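[1] Have a look at this prediction, sequence included:
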Amino acid sequence: SYSHPQHDQTLFEERYLRYISPLGKGNFGSVELCRYDPLGDNTGELVAVKKLQSNKQSNLEDFQKEVNTLHVLHCDYIVKYKGVCYSMGRLSMSLVMEYLPYGSLIGYLEKNKHNINTRRMLLFASQICKGMEYLQSLRYVHRDLAARNILVASETLVKIADFGLTKVIPHNKDYYRVTQPGESPIFWYAPESITESRFSQKSDVWSFGVVLHEIFSYCDIRFNPKRLYMQEIGHNVLGTSISVHLANLLKGNWRLPQPSNCPPKVYVLMWQCWAHDFDERPYFSDLGNQIETMIQDERE
Ligand SMILES: COc1ccc(-c2cccc3nc(Nc4ccc(N5CCN(C)CC5)cc4)nn23)cc1
């Protein structure tokens, strides 16, 4: 049966949404930990609430698109959307999502690096692959796949979050061209995204390779992709923009170095994701199969 959009979205009443603490700043706003407590006795559930930063019309439209994107996604490896909360008489709105207690992958890996083995890192990588496979089955391109946007639900489960930059590929094309580059995470971008603002399932695969590098570097700030690229480009680049230097570096086949604790077979996987020609990059289904095989082989 046809579901009316406004009835389809679960409505959270602002008066029951109790603020607890800040969780972070995203693309279009801040995310806060709240308890939705209609009974007023602290038995309500903890939720992550993404507040729209400013009531600029453009942000509201983009935010509504993010809500519509998340609303249709149902996957164990994608952060669950719970509903919306209107405030200021529907002038402002917030996105209500499930709260994942362990936070982003960056903080988690840094804090727990000494008791996370290769097997667990491969498990997280395979879950991100499955989440991306699901996303692509709906013709979505995430465009901001990075460890900072992966959340940890438990010691054995991670989920993809932050769909602020996600786009749907039109049916007659296999890529999406962006007009407003905005604040671009170019160090996670494929070459064609840097030079032509071209985004596809294969540019998300490139970014996944960078996420693999982050995971096997335990998200150590010293080996952060931006830092490693800038060391190679040189910090005092003048004139031409950094993205031109980065595109040339990638064209010349320079890639992020093998992290110290990274098994050679995983570094080979990263290089598959970083093929300059996007047609040579594997699909997330191929990557998922290769990683599953590595997990079986991991005796640890
Ligand atoms: C970019 O900032 C964020 C922040 C939160 C979220 C988000 C969306 C949807 C669900 C969700 N669950 C959590 N959990 C969470 C838990 C702990 C922390 N940190 C605890 C330690 N603090 C020092 C930093 C925040 C951050 C997020 N965050 N979160 C997305 C992007």
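    Everything's here; your move.
[2] So which residues of this structure form helices?
    5-8, 57-71, 105-112, 118-137, 191-196, 201-216, 225-233, 242-251, 264-273, 284-297 (DSSP state H).
[3] what is the orientation angle of the fourth one with helix 105-112?
    Between the direction of helix 118-137 and that of helix 105-112, the angle (axes from the mean of the first three to the mean of the last three C-alpha atoms, to 10 degrees) works out to 170 degrees.
[4] give me every residue that touches the residue in the stretch 151-300 of the chain that the ligand sits nearest to.
    At 4.8 Å from the ligand, residue 161 is the closest residue in the stretch 151-300 of the chain, using C-beta to the nearest ligand atom. For glycine as for every other residue, the C-beta is placed from the backbone atoms N, C-alpha and C. Taking C-beta atoms under 8 Å, 6 or more residues apart in numbering, we find residue 161 in contact with 78-79, 97, 100, 149-151.
[5] Check residue 24 too.
    Counting by C-beta under 8 Å, 6+ apart, residue 24 touches 30-31, 104.
[6] Tell me what it is bridged to.
    Assessed by DSSP bridges, residue 24 has beta-bridge partners residue 31.
[7] circling back to that earlier point, could you dump the contacts of residue 24 to a markdown table with distance to the ligand?
    Shown next, in a markdown table, are those (distance: C-beta to the nearest ligand atom, whole Å):
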| residue | distance to the ligand |
| --- | --- |
| 30 | 8 |
| 31 | 4 |
| 104 | 6 |
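[8] Just give me the closest of the contacts of residue 161 to residue 117.
    residue 150 (18.2 Å; C-beta to C-beta).
[9] quick revisit: considering only the contacts of residue 161, which also neighbour the ligand?
    Filtering the contacts of residue 161 for proximity to the ligand by C-beta under 6 Å from any ligand atom leaves 79, 97, 100, 151.
[10] Export those residues as TSV, with columns for neighbour count and pLDDT.
    Converted to TSV, those look like this (neighbours: other C-beta atoms under 10 Å; pLDDT from 0 to 100):
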residue	neighbour count	pLDDT
79	24	94
97	20	95
100	20	96
151	25	96
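[11] now for those residues, which pair is the farthest apart?
    Most distant of those, by C-beta to C-beta, are 97 and 151, 9.5 Å apart.
[12] Quickly list what's touching both of the two.
    Taking C-beta under 8 Å, 6+ apart as the criterion, residue 97 and residue 151 both touch 79, 161.
[13] Just give me the neighbour total for the closest residue to the ligand within the stretch 51-200 of the chain.
    Using C-beta to the nearest ligand atom, the single residue of the stretch 51-200 of the chain nearest to the ligand is residue 103, 3.1 Å away. Residue 103: 13 surrounding residues under other C-beta atoms under 10 Å.
[14] From residue 205, how far off is it?
    26 Å (C-beta to C-beta, to the nearest Å).
[15] For the residue of the chain found nearest the ligand, report the pLDDT, please.
    The ligand sits closest to residue 24 of the chain, with a gap of 2.4 Å, by C-beta to the nearest ligand atom. With respect to pLDDT, residue 24 scores 89.
[16] what about it, distance to residue 100?
    For residue 24, the distance to residue 100 equals 12 Å [C-beta to C-beta].
[17] repeat for residue 151
    Applying C-beta to C-beta, the value for residue 151 to residue 100 is 4 Å.
[18] my guess is residue 232 contacts residue 252, does it?
    No - contact criterion C-beta atoms under 8 Å: residue 232 and residue 252 do not qualify, at 10.4 Å.
[19] Tell me which of the two has more neighbours.
    residue 232 (14 against 8).
[20] So which bits of the stretch 1-150 of the chain are right by the ligand?
    So far as C-beta under 6 Å from any ligand atom goes, the stretch 1-150 of the chain lies against the ligand at 23-26, 31, 48, 79, 97, 99-101, 103, 107.
[21] List just the nearest of those to residue 184.
    residue 26 (15.2 Å).
[22] show me what contacts the closest residue in space to residue 273 that isn't next to it in sequence?
    Take residue 273 and drop its neighbours on the chain: the residue closest to it by C-beta to C-beta, 6 or more residues apart in numbering is residue 209, 2.8 Å away. When contacts are counted by C-beta under 8 Å, 6+ apart, residue 209 touches 269-274.
[23] Drop anything exposed from the residues you listed.
    269-270, 273-274 (16 or more other C-beta atoms under 10 Å).
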